[in-house]
Structure formats: structure tokens, C-alpha cells
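> build me a model from this:
(4 chains)
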There are 2 protein chains.
Amino acid sequence: MDNLPSRPARTAENLYIMTIDELDARLIALLSAEPRLGVLECSRRLGVARGTVQARLDRLMSRGVITGFGPDISAVALGYDVTAFVLLEIRQVSGHDPVAHRLAHIPEVLEVHTVTGGSDLMCRVVARTNADLQRVIDEIVEVRGVLRTSSIVALDTPVPYRVLPLVADVPRRAMREP
Amino acid sequence: MDNLPSRPARTAENLYIMTIDELDARLIALLSAEPRLGVLECSRRLGVARGTVQARLDRLMSRGVITGFGPDISAVALGYDVTAFVLLEIRQVSGHDPVAHRLAHIPEVLEVHTVTGGSDLMCRVVARTNADLQRVIDEIVEVRGVLRTSSIVALDTPVPYRVLPLVADVPRRAMREP
DNA sequence: GGGCGACTAGGCAGATTGTCCACTCATTCA
DNA sequence: TGAATGAGTGGACAATCTGCCTAGTCGCCC
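Have a look, this model is predicted:
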């Protein structure tokens, strides 16, 4: 039918930045909604041949758009009810990486970014309780190279992490732009 | 062999907060490493019977520890190279939720939290370029109820989002604590 | 002692996977 | 214009896995 290839838009290093087409987006949405679907069932739902789904999946994975199908773990279900973002000021001379590397050894640190603005690093941490958060922050402060921290506690998460709207938007945007 | 049940630690509403045991942790780690493994192959790798793996998986899912196996999408691979955290100050009278709801309509907004501190909301956004980030922020500012924003741009992500260390830590912690 | 939950080991029919093939259609390019 | 190329279709194959079931063992708790 419509034979729109999802052509690579540009190359950076050997990493393809690609524009996905509408079928890719539908496939991703379908797999997000019912992740345990097999290739065959996907092809039925999408109304295309099984080989097509297989090829699309292979391409999405080899181009790095889909990085995996790892199980999504709920920290809350494990008893970690408190989420916070901790901004770090660090001793600049030693650089960011050694500090980030040491932060990575704390299990409650789920994510670390180097950032612009008044701080140098920002990390996302979880804890079991507010008191437990104090313990985690203490562990962070003890990391060599960390000078100061300030925390932003997340009280609620009205929009949990999601990428689907973005995925759906890419083909639309590609449509509008030549 | 060791017959440690992963017993529910406490109940909140009808949501079980559970302590997982070491086999659960190994299963999650295995599935994270090779997500497309079937139940049978998992049982071989873990050295337990197929039925056990099946039962463990069912329980982890029904208790909400594993919330799904959705495909992990790389925003970068889709051309969204810029990540930023935007702190919002909002008109308090209208409340957080209406604003969060409107923010949810912007595809580039990947996550929204209500937070403590000087700001009211914090969201994680992505954009294609710095100029594109300006566009996204403009869209956010235009949301009714938003008074002011300040942005923290993530330059690099030395520790990308992960939960595995936490998962591995839970059985250890349960070991230490009575 | 009996009940209960978790685990092992095995069997079975049906469905799915990976991997072929031949063929069509549209686009690109010499 | 005509050949080559890439994407998709529809079908086929053996090998494998799934969902579901049974029976028996082990450890724990009332």
C-alpha cells in the first residue's frame, strides 16, 4: 500500500538518527500497550505481514530506537515511596566523572546528570521514607568531591515517565516538514 | 532447597508492598539483560523448574513490582538530543492538577512531578536542539496557570536511569534486617 | 498430625518462532 | 527506457515454546 520508507534523517558518528513512520509508531504503541505480544499477533493487529513486523522491529532495534524490552520495575512496589531530585555542587578540579562514578555505587541513586545552572550534578534518588531519604542524602554527601547538596522532593507524579506521545509525534512532524 | 517465600511486608490499601527474595532479583536481572528470553530458557539459566519461574513472574506482575515489558525507547535516537528539567511556579489557586493535565498534552514533556521547595512543579522535557528547547519552554509558559519557569539543562548523563542495583539491594537488606 | 504453600518433574496439544522462498510494486539511477 | 534495489506479501517448514495439567516432595505452622 503506502510504501513510505522510514529513511535515516542524518548520521552522527555511526549512529543513525532516524525518522520513524506511522507504522513504526503504531507498532511501538501496540507493544507498549501489550508488551507480551508476539510478532505474529502484532502483524494481525496492525494488518500487515508478519515479515514486515519482524523487519520493522529488527530495524528499530538495530538503529537504537528501541533499546530493549527490559521489565519495568516499580520502586514504589518495592517499598521506595519517596522520590527526590538532589542537586550537587562538587569540587570542580576533580571533574564530574569520578563523582558520578562513585554516586553510581549507591543503589538508591537511579539517575545522574551533569547540568547547567547553579549546580554541577543532579541525581534522582529514591528512599523508603523521609527519614531514609536523609540516610541516602548523607551517603551522597559523604562521596568524595561533593561539596553541597540541595534536594527537591517529589510529592506526587501526575505525569509518570512516558515517551509514547513523542513517538506518535515524530511521524506527524515528518509529515508537516518536507 | 532454600525455601524462602518472598512474603508481603505490609499492606497499603489493596497494594502489596513486598520484599523480593534473591531468586526474584536474579530473575529480574536476567530478564533485564536478555529481555526476550522465554520462561523456559529463564528456568534453565536460573537452575529452577519452569513452573517456578512462571509462578514468580506471575506474582511479581500481580503485585506490581514488574509493571510491564514495554519497549524502551531512546529519545536521542529519535533526534531529541536535548534533555532539560523545567521548574514551574504556578498560580496556586487553580491547583496543580489542571496545569499538569495541560502539560501532559505536550509530547516533549516526558514526566511531571509536584515538588517541594521554591517551585511547584518540575518536568522533564526533551527537544531536538537548544533552539527547539526554547520552543518547548514557550509552549510550557503558554499553559494557563503557569507563572514562571526556570530550566536546568542536562549536558550529559553519566548514570542513565536504572533500577537494577536497587532490586539487587532489596534481598540483601531483607537479609540484614530481621 | 494434617493442612498449606512452594517447588520439581513430566506430559500434551496448540501456537509461535526463525528462516526460507517466490512474487509484486514503487523508486532510483545509469 | 530498462535494470537494480528495497519494502512488502503470502506461504511453507521444522523446531521450539507456551499454557495447562498431574503427581509427588519438602518445610513450616496451627
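
> so, low pLDDT: which residues of chain A?
In the predicted model of chain A, residues A:1-18, A:177-178 satisfy pLDDT under 70.

> nearest to DNA strand C: which residue in chain A?
Residue of chain A nearest DNA strand C, by C-beta to the nearest atom of the strand: A:Gly38 (2.1 Å). Glycine gets a C-beta too; all of them are placed from N, C-alpha and C.

> strands along chain A, start to end?
In chain A, the strands defined using DSSP state E lie at A:8-12, A:15-18, A:66-68, A:72-73, A:82-90, A:109-115, A:121-127, A:146-159.

> the ones you listed: which one's closest to B:Val48?
strand A:72-73 (20.5 Å; C-beta to C-beta).

> ok, back up a step: count of neighbours near the residue of chain A closest to DNA strand C?
Neighbours of A:Gly38 under the rule other C-beta atoms under 10 Å in any protein chain shown: 10.

> any idea how far it lies from A:Gln54?
10 Å (C-beta to C-beta, to the nearest Å).

> quick one: contacts for A:Arg50?
Taking C-beta atoms under 8 Å, 6 or more residues apart in numbering or on different chains, we find A:Arg50 in contact with A:Val39, A:Leu40, A:Ser43.

> residues in contact with stretch A:29-44?
With C-beta under 8 Å, 6+ apart, stretch A:29-44 has contacts from A:27, A:45-46, A:49-50, A:52-54, A:57, A:69, A:164, A:167-168, B:68-71.

> which of the contacts of A:Arg50 lies closest to B:Asp120?
Closest approach to B:Asp120 among the contacts of A:Arg50 (C-beta to C-beta): A:Val39, at 44.8 Å.

> tally of neighbours for the closest residue in space to A:Val141 that isn't next to it in sequence?
Closest residue to A:Val141 apart from its sequence neighbours, by C-beta to C-beta, 6 or more residues apart in numbering or on different chains: A:Thr149 at 5.9 Å. The tally of other residues near A:Thr149 (other C-beta under 10 Å) stands at 18.

> can you select the buried ones from the contacts of A:Arg50 in ChimeraX?
Buried members of the contacts of A:Arg50, defined by 16 or more other C-beta atoms under 10 Å in any protein chain shown, are picked up in ChimeraX with:
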select /A:43
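
> mind listing what A:Val99 touches?
A:Val99 neighbours (C-beta under 8 Å, 6+ apart): A:Leu88, A:Ile90, A:Leu121, A:Val143, A:Arg144, A:Gly145, A:Val146.

> go again with 6 Å.
By C-beta atoms under 6 Å, 6 or more residues apart in numbering or on different chains, A:Val99 lies in contact with A:Ile90, A:Gly145.

> same check, this time on the one 4 residues further on
Under the criterion of C-beta under 6 Å, 6+ apart, the neighbours of A:Leu103 are A:Val109, A:Val112.
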